[in-house]
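Trainee: Just a sequence and a predicted model for now, questions to come.
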Amino acid sequence: MNIVVVRQQPKGLEKREIELPVGSCVADALKAVAIEVGEQEAISIWNESAQLGSVLENNDRVEISGALIVDPKEARRLRAESRRATITRKRRHAKT
């Protein structure tokens, strides 16, 4: 089976393509690419949560991602507030 293992690193996305026997699981894939998953990291297969024992299928993509730093809803709220403040400042300057 062809499997791709990806992990977000500070310098960019690390991508490794490997060949595993049929019936292999996520733990087998991680062992093959010598990656240990930390407590704060999450494992998924094609963006769906997975466990170390999850069985892989041909052409699966195993993703290792870090813990969320900010709740996505909170991040959207903060961006919206920032945009509103920018628009308000531009309108004030345009009227003078």
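Mentor: Now that the structure is in, tell me what you want to look at.

Trainee: make it CA atoms for all contacts and neighbour counts henceforth
Mentor: Noted.

Trainee: got the contact list for the residue nearest to the spatial centre of the chain?
Mentor: Geometric centre of the chain, nearest residue: residue 65, 4.0 Å, by C-alpha atoms, centre = their mean. By C-alpha atoms under 8 Å, 6 or more residues apart in numbering, residue 65 lies in contact with 7, 8, 41, 42, 43.

Trainee: The third one contacts residue 50, correct?
Mentor: No. Residue 41 is beyond contact range of residue 50, at 11.7 Å (criterion: C-alpha atoms under 8 Å).

Trainee: For residue 22, state which of the contacts of residue 65 is nearest.
Mentor: Each of those was checked against residue 22 using C-alpha to C-alpha; the closest is residue 43, at 19.9 Å.

Trainee: Read off the pLDDT value for the residue nearest to the closest one when sequence neighbours are not counted.
Mentor: In space, and not counting its chain neighbours, residue 43 is closest to residue 64: 4.8 Å by C-alpha to C-alpha, 6 or more residues apart in numbering. pLDDT, residue 64: 94.
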